[in-house]
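Visitor: what's the 3D shape of this:
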Amino acid sequence: MIGGFVHPALALGALLAAVPLIIHLLNRRRHRPLEWGAMRFVLAAYKRTRRRAQLENLLLLLLRMLGVALLALALARPFAGDASPLAPLTESRRDVVIVLDVSASTGYRDGAGTVHARIIERARELLGDLDGGRGDRARLVVADDRPRLLSWRTPSEALNLLGALDQPSDTSMDLVAALAEVLASLQEDGNALEASEVEVRLLTDLQRSNFDPDPSRAEGQTDELVRALDRLVELELVLTVEDLGPAELIPPNVGVTDIAPISPVLGPGLPVDIAVDVTNHGASAVGGVRLALAIDGERLPSRVLDMVGGATAREIFAVTFDEPGAHVLEASIEADPLAFDDRRAAVIDVPGTVSVLLVNGAPDESAIELDEVGLFAAALAPPDDGGLGSRGFVPFSIEEIDPAFLDAADLDLAPFDAIVLANVEAISARAVERLTERVSAGAGLIVSLGDRTVPSVYARRLFAADGTGLLPAEPLEVVSVADRRDGYYRVGEFDGEHPALAFFNDPRWRPLLTEIPIYTFIATTPLPQARVLAALDAGKAPLLVERAFGAGRVLLFTTSLDVAWTRIPESPRTLVPFAHELVRHAGRGPARRLEVPVGEPLSVIVDRFPRSPVAILPDGARRPVDGEPTELPGGRWQLPPITETGRLGVYRVTFDEADPVVFAVQGRADEGDLERLPAEALAELHPALRAVRAESADVGEQDVSRRGELWRGLLWICLAVLISESLWGAWLERRRRLS
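Guide: Just a heads-up that it's a prediction; the model follows:
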C-alpha cells in the first residue's frame, strides 16, 4: 500500500485524531436523575429521537477525527511505488539532476553544430518536460575542471541559466568532482532522496579519458571515480550517461600539444632552438598540416607536416631574441573541427647581463691559476676574441673586490645579481648582515671554500641550525686524500635535472664532471630543507648544496675555485660550463611563473609597489586587480591572485610607471584526444552507469521503479471532510433548534 513517508515523525500527528474524542468525553456531564411530573412528556419525545441523534453525533465526531488524521498524514507526505494499489492516486513529481559536460572537447564541430550546442539543446528538452507547478525540481551542475551547482530550484530557473552557457570551457571535465557536487546537493536537501526517484543525467561527449583516465593503473590502487559511483549505488541512484558526441569512436583532430625551448636561453642575440609538438589524435593519416610560429606577434615562415594516425611530429625553429625580458611564443595550425588546441602560447624570459661581484679571498697577481678567482673570472668574462662579447651581448659583467670592502660604507650590493665569496678567511658581522639583506631581496650567493676557510668561523657566522643563517650546510672539518699521487675524490652522483648541472647530464659531457680529481674538501651536514646537487664518492659527502633564502638562493661549493684543492679550474671544458651555468642560475633571481594551467589562479610578484594593476585578458578585456598587494622581503610585492584565467592565451598585467608582466595560460594537451568510450564498455565499468545515445527512444525513461506522493490527494480529501463536517453540523444544529 503506502511505501513510506518523507517525514515519518509527522505521521505520528495522526494520533491527534483522538483529541475530538477526548474533548467529547471530558465534556460529558455527570448528573443525578430527578423526576418531576412534566418530564414524562420530554422523555417520551427524547426516546423517539435518541438513536438518530447519537448516530449523527458519532458521525460528526468521526469526521472531525478523520480530518485531523488526514491532515497529519498529508504533512508526513506518504508515497507509494508503482506496484501499489494506490499508484493511480499518486502524482509523478520528478527531481532531475542534469550534469552538463562543458569541457573543451565538447567544442568539437561535426556537421552544422558543435557537441556543446547539442548538449545545451538536450538540456532544454529535459527541462521542458518538467513542470514546476506540480513540484518538479531541477538541479543544473556545470562540469569542467571546477564543477559547480548552477541551479537547484525550479526548471524555469535552470532554463534561464542555460542561456549563459553559450560556449564550452577551455578546461577538462573532472567527473569525480562533478559527482561529489551532485551528492552534496542531494544530501543538503534531506527530502530529495526520499520524496521521489531522483534522476541523474550526464550529458557528455563520452570522452574516454573522463571515465577511464588510466587503464594501466596498478591493481588495488584507490580509484576515486569508483568510490563516487559506489556512493550512487548506496543511494539507489543511477547515472544515465547521454552520449551526444560524434559518431566516430576516434574523431579526427590535430592539435598543438607543446611549445618550449630545447636549448639554453642564454641571452639576446644568441640562437635558441624552439620545439613545437603537433599531435594527430585521430586514427587516420593527415597531410598538409600547416604549422606557424610567431615571436612577439611576428610570424615566421610556416612548415607543412604529414602525419600518420596517433603520431606526434616535432618541428624545430631556430630563433633569436633581440632584447632581454619576456617574449611571447605562439604556435598555431590551420583550423580543424576542434579549435581548442589549434593554438598554444608560451612565454620565455630571456636573461640579460648577469652582474657578478667576486669577493676574492686569496688574490695572487703572479699567476692567474694561483689567484682564487683568476680562472673562474676568465671563464665568465674572457677577453674579446670574437666570441660572445663581439656579438653585442655580454652574458656576465664582473667586479672583483677584496673581502675588506664588504664593510665599506659606500659599497652598494643592490646592483649585483650574484655574489661569489671565494675562500674568504673571515667575514664581519656587518658584512654578514649586508649579504643576508641582499640575498633575501633576490640575489644569488655562491660560497666557495678553500685553504683559508676556517670551518668553525663559518659555522658561527654564516650557519644556524634553525635555518636563519645563510649557509645551507654546517661546515665541519677539512678532509684530504693522504697522497695526491695515489688517489683522489670525484663526483659520484649529481642532479642532472638542475639548471646548474644540466649540461653534464649529457653522456658525452658527463665525464667532464665525474672524472675530475678533487683532493680536498670541507665535510658538511646539510640542513633538512637544503638540496644536495652533487656529492663525492667519499661517503656521498656533499660537494654542491643549495637552498632558497628569502627571495634569493645560496649555493655552497665545499672545495675551492682555484687549483689548491681540485683540478676543476685546470679543465676549461669543465670550468667554463660549470661557472656559466652556476652563476647564471644564481643570478636569475626569484623564479617567475610564466606559464600556468588554464583555470589556475596566478599571483604576480613585482619588484616595486604596484600602482593601478590591470589584467588584460586574451580577448582584450581589461580587469582591474582588486585588493591590496602584500609586501614581501627585499622590497618586492605580491598582487592578490588573478582568478580569471579560464581562457587560453596570453595575459598581461600592466601598472603605472612599471613594465607589464606577461604570462601564458595553457590547456591540457590530452584534452584534444577525443577517443570515445563505447556505450557497452561504459556499462561494464560500474553498475551505477547506464549509457544511451541521445537519439534513442529510451532517453526519457529511467530504468527504475517509480514512486509518487499521495499528499496532495490526502489534502483534498481532508478539505472535503472538514467542509462536510462543518456543513452537516450546521444543518443538524438548525434542524434540532427548529424541532
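
Visitor: which residue, neighbours along the chain excluded, lies closest to the most centrally placed residue in the chain?
Guide: Nearest residue to the geometric centre of the chain (CA atoms, centre = their mean): Glu600, 5.8 Å. Nearest residue to Glu600, sequence neighbours excluded (CB to CB, 6 or more residues apart in numbering): Thr645, at 6.3 Å. For every residue, glycine as well, the C-beta is placed using N, CA and C.

Visitor: what's the distance between Arg290 and Thr279?
Guide: The gap separating Arg290 from Thr279 is 15 Å, by CB to CB, to the nearest Å.

Visitor: looking at the two, which is more packed in?
Guide: Each of Arg290 and Thr279 has its neighbours counted (other CB atoms under 10 Å); Thr279 has more, 21 against 11.

Visitor: and that one, what pLDDT?
Guide: At Thr279, the model reports a pLDDT of 96.

Visitor: in contact with it, which residues?
Guide: When contacts are counted by CB atoms under 8 Å, 6 or more residues apart in numbering, Thr279 touches Val254, Gly255, Thr257, Ala311, Thr312, Ala313, Ala669, Gly672.

Visitor: which helix or strand contains the second one?
Guide: The reference is to Gly255. For Gly255, the host element (DSSP states H and E) is strand 254-261.

Visitor: for the record, mean pLDDT for that strand?
Guide: 95.

Visitor: for stretch 289-303, same thing?
Guide: 94.

Visitor: got the contact list for that stretch?
Guide: 254, 256, 259, 274, 276, 278, 280, 304-307, 315, 317, 319, 321, 327-334.

Visitor: of those residues, grab the buried ones for ChimeraX.
Guide: Of these, the buried ones can be selected in ChimeraX as follows, counting by 16 or more other CB atoms under 10 Å:
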select :254,256,259,274,276,278,280,305,307,315,317,319,321,327,328,329,330,331,332,333
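
Visitor: follow-up on the earlier one: by contact count, what packs against the strand holding Gly255?
Guide: strand 271-280, strand 286-295, strand 325-333, strand 343-350 (3 or more CB pairs under 8 Å, 6 or more residues apart in numbering; DSSP states H and E).

Visitor: secondary structure element for the nearest residue to Arg148 once chain neighbours are set aside?
Guide: The shortest distance from Arg148 to any non-neighbouring residue, by CB to CB, 6+ apart, is to Val142 (5.6 Å). In the assignment (DSSP H and E), Val142 maps to strand 137-143.

Visitor: next, count neighbours for the residue nearest to Gly135 when sequence neighbours are not counted.
Guide: Spatial nearest neighbour of Gly135, chain neighbours left out: Arg93 (4.5 Å); criterion: CB to CB, 6+ apart. Neighbours of Arg93 under the rule other CB under 10 Å: 20.

Visitor: next one: Arg93 from Gly267, what distance?
Guide: In terms of CB to CB, Arg93 sits 70 Å off from Gly267.

Visitor: hmm, back to that, does the residue nearest to Arg148 touch Leu150 like I think?
Guide: Yes - applying CB atoms under 8 Å as the test, Val142 and Leu150 come out as touching, 5.2 Å apart.

Visitor: specify which residue of those two has the higher count of neighbours.
Guide: Taking neighbours as other CB under 10 Å, Val142 and Leu150 compare with Val142 leading, 22 against 17.

Visitor: measure that one to Pro251 for me?
Guide: From Val142 to Pro251 the distance is 23 Å (CB to CB).

Visitor: circling back: which SS class is the residue nearest to the centre of the chain?
Guide: Using DSSP: H, G, I helix; E, B strand; the rest coil, the structure places Glu600 in coil.

Visitor: ok, Phe376 next?
Guide: Going by three-state DSSP: Phe376 is helix.

Visitor: for it, which non-adjacent residue is closest in space?
Guide: Nearest to Phe376 is Leu561, by CB to CB, 6+ apart, at 4.7 Å.

Visitor: with Val420 as the reference, measure out to that neighbour.
Guide: Taken as CB to CB, the span from Leu561 to Val420 is 8 Å.

Visitor: let me know how buried Ala548 is, in neighbour terms.
Guide: Ala548: 15 neighbours (other CB under 10 Å).

Visitor: identify the bridge partners of it.
Guide: Arg553 (DSSP bridges).

Visitor: now the strand holding Gly255 and strand 325-333, what's the angle there?
Guide: Taking axes from the mean of the first three to the mean of the last three CA atoms, to 10 degrees, one finds strand 254-261 and strand 325-333 inclined to each other by 160 degrees.

Visitor: can I get strand 254-261 in CSV, CA atoms only?
Guide: What follows is strand 254-261, C-alpha atoms only, in CSV (Å, rounded to 0.1, in the frame of the first residue of the first chain):
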residue,chain,number,x,y,z
VAL,A,254,45.1,17.6,-34.9
GLY,A,255,46.4,19.9,-32.1
VAL,A,256,49.5,21.7,-30.9
THR,A,257,50.5,19.9,-27.7
ASP,A,258,53.7,21.6,-26.6
ILE,A,259,56.0,24.5,-27.3
ALA,A,260,59.3,25.0,-25.4
PRO,A,261,63.0,25.8,-25.9
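
Visitor: so what strands line up beside it?
Guide: Strand 254-261 is paired, per DSSP bridges, with strand 271-280 (antiparallel).

Visitor: tell me the domain boundaries of the chain?
Guide: 4-29+38-88+712-738, 93-249+681-705, 260-336, 354-587, 599-666 (automatic domain parsing).

Visitor: after the helix-or-strand element of the chain with minimal mean pLDDT, next one along is what?
Guide: The helix or strand of the chain with the lowest confidence, counting by mean pLDDT, DSSP states H and E, is helix 192-195 at a mean of 52. Later in the chain than helix 192-195, the nearest helix or strand by DSSP H and E is strand 198-204.

Visitor: now the angle between strand 137-143 and that following strand, please.
Guide: 30 degrees.

Visitor: tell me the strands beside strand 198-204, with direction?
Guide: Strand 198-204 has these strand partners (DSSP bridges): strand 95-101 (parallel), strand 239-243 (parallel).

Visitor: point out the most buried one among those strands.
Guide: strand 95-101 (a mean of 25; mean count of other CB atoms under 10 Å).

Visitor: quick one: contacts of that strand?
Guide: 119-120, 123, 126-127, 130, 136-143, 147, 158, 165, 173, 178, 182, 185-186, 192, 195-205, 210.

Visitor: quick one: contacts of the helix or strand that it is followed by?
Guide: Counting by DSSP H and E, the element after strand 95-101 in chain order, helix or strand, is strand 109-110. With contact meaning CB under 8 Å, 6+ apart, strand 109-110 is reached by Pro246, Ala247, Pro251, Pro337, Leu338, Ala339.

Visitor: tell me how many other residues crowd Gln167.
Guide: Neighbours around Gln167, by other CB under 10 Å: 13.

Visitor: for it, give me phi and psi.
Guide: phi -150, psi 150 (degrees, to the nearest 10).

Visitor: what sits against it?
Guide: Gly107, His116.

Visitor: ranges for the strands of the stretch 351-500 of the chain?
Guide: Applying DSSP state E, counting those that start in this stretch to the stretch 351-500 of the chain gives strands spanning 354-360, 396-401, 418-422, 444-448, 473-480, 491-494.

Visitor: mind listing what the first one pairs with, with the direction of each?
Guide: In other words, strand 354-360. strand 396-401 (parallel), strand 418-422 (parallel).

Visitor: could you do the fourth one as well?
Guide: Note on strand 444-448: by DSSP bridges, its sheet partners are strand 418-422 (parallel), strand 552-557 (parallel).

Visitor: who are the contact partners of Leu271?
Guide: Leu isn't right for residue 271; it's Pro. Contacts of Pro271 (CB under 8 Å, 6+ apart): Ser263, Ala318, Val319, Thr320.

Visitor: identify the bridge partners of it.
Guide: Thr320.
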